[in-house]
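Chemist: Here is a sequence together with a model predicted from it:
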Amino acid sequence: MRSPVFAIAWEFWNANRRGWLFVFAALVLCGALVHLLGRAGAKPESIELFGYVPLVTSLILAISFCNFTDRNRRDGIAGFPRHLFSLPVNTGLMVTCAMLCSILSVLLIYIAWVTLVLKPLDVATLLRWPATLLTAFVVFYQAIIWCLCGFRLTRVVSLSLVATSLVAVGFMPTLIPDKTFWNSEIHLSASLIAVAAVAYGATLATVGAQRRGGARGWAWFQEFLDRILITIPHRRCALTSAEAALFWIEWRRIGFVLPTAVLLTTVLVLGLTLGVSGGGREATFRAETWLVMLPLLLAFPIGLGFGKPDFWSLDLSLPTFVATRPISAGQILAARMKVAAGTTLLTWAGLFAVAPVFVYLYCDTTHWRDLSEMWRILYSPLVQWLLPLLLIAAAMLMTWGLLVAQMWLGYSGRSGLY
């Protein structure tokens, strides 16, 4: 390949070629299935599910395939591929080419689904506004992945906040009835383009610094924080068993990922509810619905990391530090499942400690009284107490299940299957 642009584009596609082929095959299969069902006389309303669910799944997979980083690093610094830095290519060209490949891939997949699958169903779909949101998210996604290469937890939290923010921005033109700045797609699109341009500029500067050996994380800040924590008197309890040691290691590495992401996203959702809509009754009810689903929505992508032997690495091989210890495979898996249970309890406890208090103090909660009256009419006093407890327990079990459901894929060691 004589052109560096084609060389970078080929490497971008080749990094996840099986995934791209899978998305393309799913697109062709769903398009053919919709065509056959339409010729068989099926109503469009009954087969819309074959368009929407695979569309969302394909977009999520396509964005995950845009994770163009080093795949075999265990030090948490998985930024822009380092082997490209030795090539005689300008840094701006490398970053721009990789980012354009990501944007074009996601947009082409969305346009193909709309044209080949949804349009034959006579479904009223938007093209410009969703394409703008997808473009902005891909730029933010690449900027966070490459710029925050040395900040592992911050990277996960930032991606959660950006995704939730863009979902809220996407619904603003339809949820806000008044003709304001937040109701205009043109104003919102211009704002997204401006912020995406800033993120693109920051990415160019950061990747350039990485190429010169910098931007590896605030090691000095971590050392300073460790020194402060050592000086603080605290109780040191001995680890009496291998299971306790494994649990301590896993908890220190990944125990606070889901609780932190849920807590910060909760603050964002409540802030948007209060700042944009004024905390009205309808907006409050909508925010409460999102907050109830929030641990489940975030548990699925974070569960993909929980399913790997090393949460912060793309390598699926078992870390040498763990593989050489005198422990069994069952102990390793049990420790990861215990950590998933602990982080689930901490996540829901934090959500129940923050969200109800904030909603009660600053939002319209008149619908609580209506729901309480309807609850007393429908159920007996015993059921009124037992049913909420069972619902909370079921939500926790579902969250825990999403965290550990991918372990059989991650621990298989087969990157293609994962």
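Modeler: Good, I have the coordinates.
Chemist: Just say helix, strand or coil for Val89.
Modeler: coil (DSSP: H, G, I helix; E, B strand; the rest coil).
Chemist: Check the gap between it and Phe6 for me.
Modeler: 12 Å (C-beta to C-beta, to the nearest Å). In this view, the C-beta of every residue, glycine as well, is placed from N, C-alpha and C.
Chemist: and those two? which has more neighbours close in?
Modeler: Neighbour count, other C-beta atoms under 10 Å: between Val89 and Phe6, Val89 has more, with 15 against 11.
Chemist: who's in contact with the more buried one?
Modeler: Pro4, Ile8 (C-beta atoms under 8 Å, 6 or more residues apart in numbering).
Chemist: one more time with 10 Å, if that's ok
Modeler: Residues near Val89 by C-beta atoms under 10 Å, 6 or more residues apart in numbering: Pro4, Val5, Ala7, Ile8, Cys97.
Chemist: Tell me which two of those residues sit farthest apart.
Modeler: Across the contacts of Val89, the longest distance by C-beta to C-beta is 9.0 Å; it joins Ala7 and Cys97.
Chemist: between those two, who's got more neighbours?
Modeler: Using other C-beta under 10 Å as the criterion, Ala7 and Cys97 rank with Cys97 on top: 19 against 15.
Chemist: Quick check: chain neighbours aside, which residue is closest to the more buried one?
Modeler: Nearest residue to Cys97, sequence neighbours excluded (C-beta to C-beta, 6 or more residues apart in numbering): Ile8, at 4.5 Å.
Chemist: surely the one you found meets Leu87?
Modeler: Yes. With contact defined as C-beta atoms under 10 Å, Ile8 counts as touching Leu87 (8.8 Å).
Chemist: Which of those two has more residues huddled nearby?
Modeler: Legend: neighbour count by other C-beta under 10 Å for Ile8 and Leu87, higher for Ile8 (24 against 12).
Chemist: before we move on, which element is that one in?
Modeler: helix 4-15 (DSSP states H and E).
Chemist: Which strands and helices lie in contact with that helix?
Modeler: In terms of contact count using 3 or more C-beta pairs under 10 Å, 6 or more residues apart in numbering; DSSP states H and E, helix 4-15 is assigned the packing partners helix 17-39, helix 49-65, helix 91-113.
Chemist: who touches the nearest residue to Ala299 once chain neighbours are set aside in this structure?
Modeler: Among residues not flanking Ala299 along the chain, Leu402 sits closest, at 3.9 Å (C-beta to C-beta, 6+ apart). Neighbour list for Leu402: 258, 295-304, 306, 340, 344 [criterion: C-beta under 10 Å, 6+ apart].
Chemist: overlap in contacts of Val89 and Phe6?
Modeler: The contact lists of Val89 and Phe6 share Cys97, where a contact means C-beta under 10 Å, 6+ apart.
Chemist: how about low-confidence regions in the stretch 151-300 of the chain?
Modeler: Within the stretch 151-300 of the chain, the segments meeting pLDDT under 70 span 153, 175-182, 214-226, 228-237, 272-279.
Chemist: which residues touch the closest residue to Trp13 other than its chain neighbours?
Modeler: Using C-beta to C-beta, 6+ apart and skipping the chain neighbours, the partner closest in space to Trp13 is Trp20 (6.3 Å). For Trp20, the contacting residues are Phe12, Trp13, Asn14, Leu61, Ala62, Phe65, Ser105, Ile109, by C-beta under 10 Å, 6+ apart.
Chemist: where along the stretch 201-350 of the chain do the helices fall?
Modeler: Per DSSP state H, counting those that start in this stretch, the stretch 201-350 of the chain carries helices over the ranges 219-231, 242-254, 257-276, 281-306, 320-323, 329-362.
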